[in-house]
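S.K.: Fold the following for me, if possible:
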Amino acid sequence: MVTYIVRRLITAALILLGASFLVYLLTASSGDPLADLRASNAPNKQQLMNARTELLDLDTPAPARYFKWLAGAAQCLVPFAGTCDLGKSVSGQPITEALGIALVQTLTLVTGATILAILIGITLGIITALRQYSALDYGVTFMAFLFFSLPIFWVAVLLKEYGAIGFNDFLRNPEIPLPSALGVGAAAGLLVGVAVGGELRRRLLTGGTVFAAVTLILIYFSATAWFKTPGLGPVVIAIAGAGIAVAVTVLVAGLRNRRALRAALLVVGLGVISYFAVQPLLDQATALMIALLALATVLVGTAVGYFMGGYDRGQSMRAAGITAFLVGGLVVMDRFMQAWPSYFSNSRVRGRPIATIGAGTPNIEGDFWILSIDTFTHLILPTVALILVSLASYTRFTRSSMLEIMNMDYIRTARAKGLSERSVVMGHAFRNALIPIATIVAFDIGALIGGAVITESVFSVRGMGFLFLDGITHIDPNPVMGVFLCVAVTAMVFNLIADLAYSALDPRVRIKA
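M.R.: Now for the predicted structure:
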């Protein structure tokens, strides 16, 4: 294993060296970095040209400049080798400083979208594989390819128009007409009725229940102006938590394991009680405090599962731990909703909370909740845009992989032995179906660090993609090489992790030197 890793790292270093040399030369020879100054009418044009020539070391041939850059970049990759130096941009800003700012913006923008796309895509892929050639399968396939085919800039413009401008206009007077409530309820009932499958009576009953529930909820939201003063409260948290406990238990243990279900429901009760206890603490919240509370919540849930025991204590611990984390998320969500009216009426927001550009509202002031809501509202549109256009690959790969696995002999053997369908799907098929998904995720991580160039441009986010385009526009290799170095190193590391994950996912795969 160690020999294999060392060989891969040496090969990756050689590839990185050759690729960086080509990228540097191509960027340096793509145009004239002094073109904008040559066309300038400024009286100090020559002094500006001389200053940029000295800053970018343009008197030195591009191949020699590359090796100067490489000497500084090597210090970034070797610990304790010295000060990391990736050069300066045309504006005189050190590239290391620009990368630090851009990387934070890109990770903030793209990480949530990528994680949600993976989770939603894999879930839809499993469901459509189990419901092959059903109306749900055809519907998900059609919508996935529809959004995959749409240009990202067009999706972004539509989201700006209807998801931001239209919704902000709606918030001025958040009344939902009865025909609209009925229409949304009918659409939700139809979708759920198609998704549940089974006999026609079962579909009609489920769809009708969802139609009535959604319609009544929308009427309630309209009557109480809920969108201006939202909230969950302990009652809703208790009801939603009970549903979460049942769903999590079904996935990780099965309803036959009553101890696991009781442990999850007990955690929900503890969560409702803690809702009142932590409110004063949440008023002074920080990011570190929320992280520590999340960790403590999972540990308490796991401990509850451990003491509940059962014939499989591990299942009880997983069910209770996951349920505790999700119920804790509901409590935190409720606290965000409590802060929404203050954010909505903020002088910088002016009653239009869904932003269309930027990563944050300039000069906004407030506590942790206000600033977090501001970040969230600026991330909604780009996150939705990235999810829609990247969902198809995860859905289709998962579906095809699951269909192949479900036809294997060992799956038929597992069913013949009397295992439940949950055990067959989650314990036998899903794990092996993850192998091709690991490869896709490894490639997407590199793309994640590289930034969503078009999305960042449309939403005016100064991330890695913006830094890359800025370097290309000004014929400045230093920003381009900084982005390239981050993307290349990340992609190679995660591809190595994916190779090592194969042996963990499938015992038949062995890593050999």
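
S.K.: Would you check that residue 140 makes contact with residue 128?
M.R.: Yes - using CB atoms under 8 Å, residue 140 makes contact with residue 128 at a distance of 5.1 Å. From N, CA and C alone the C-beta is placed, and that goes for glycine too.

S.K.: Return the helix or strand in the protein with minimum mean pLDDT.
M.R.: helix 430-450 (a mean of 75; mean pLDDT, DSSP states H and E).

S.K.: what's the spacing between the very next helix or strand once past that one and its chain's center?
M.R.: Next helix or strand after helix 430-450 toward the C-terminus (DSSP states H and E): helix 453-458. Distance, stretch centre to chain centre, for helix 453-458: 17 Å (CA atoms, centre = their mean, to the nearest Å).

S.K.: Render the CA-only coordinates of helix 453-458 in CSV, please.
M.R.: Only the C-alpha atoms of helix 453-458 are listed here, as CSV (Å, rounded to 0.1, in the frame of the first residue of the first chain):
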residue,chain,number,x,y,z
VAL,A,453,-16.6,30.3,-13.9
ILE,A,454,-19.9,31.1,-15.6
THR,A,455,-21.9,31.0,-12.4
GLU,A,456,-19.4,33.3,-10.6
SER,A,457,-19.6,35.7,-13.5
VAL,A,458,-23.4,35.8,-13.6
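
S.K.: what packs against the helix or strand following that helix?
M.R.: Downstream of helix 453-458, the first helix or strand assigned by DSSP H and E is helix 464-473. The contact analysis (3 or more CB pairs under 8 Å, 6 or more residues apart in numbering; DSSP states H and E) places helix 464-473 against helix 95-130, helix 430-450, helix 453-458, helix 477-505.

S.K.: Count the residues that sit near residue 104.
M.R.: 13 (other CB atoms under 10 Å).

S.K.: and what of residue 315?
M.R.: For residue 315, using other CB under 10 Å, the count is 19.

S.K.: so it touches residue 252, yeah?
M.R.: Yes - the pair residue 315 and residue 252 passes the contact test of CB under 8 Å, sitting 6.0 Å apart.

S.K.: shared neighbours of these two, anything?
M.R.: residue 260 (CB atoms under 8 Å, 6 or more residues apart in numbering).

S.K.: Adding distance to residue 401, write the helices and strands packed on helix 464-473 out as CSV.
M.R.: Formatted as CSV, the helices and strands packed on helix 464-473 follow (distance: least, CB to CB, whole Å):
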stretch, distance to residue 401
helix 95-130, 8
helix 430-450, 4
helix 453-458, 28
helix 477-505, 12
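
S.K.: weakest of the ones you listed in terms of mean pLDDT?
M.R.: The minimum mean pLDDT among these belongs to helix 430-450 (a mean of 75).

S.K.: Between helix 477-505 and that helix, find me the angle.
M.R.: Helix 430-450 runs at 170 degrees relative to helix 477-505, counting by axes from the mean of the first three to the mean of the last three CA atoms, to 10 degrees.

S.K.: Nearest residue to residue 449 in space, ignoring adjacent ones along the chain?
M.R.: What sits nearest to residue 449 in space, not counting adjacent residues and going by CB to CB, 6 or more residues apart in numbering, is residue 490, at 4.5 Å.

S.K.: isn't that neighbour right up against residue 445?
M.R.: Yes - using CB under 8 Å, residue 490 makes contact with residue 445 at a distance of 6.2 Å.

S.K.: Which one's more surrounded, these two?
M.R.: A direct count of neighbours by other CB under 10 Å for residue 490 and residue 445 places residue 445 higher, at 20 against 17.

S.K.: show me the contacts for that one.
M.R.: Contacts of residue 445 (CB under 8 Å, 6+ apart): 114, 490-491, 494.

S.K.: now for those, which pair is the farthest apart?
M.R.: Farthest apart among the contacts of residue 445 by CB to CB are 114 and 491. That separation is 14.0 Å.
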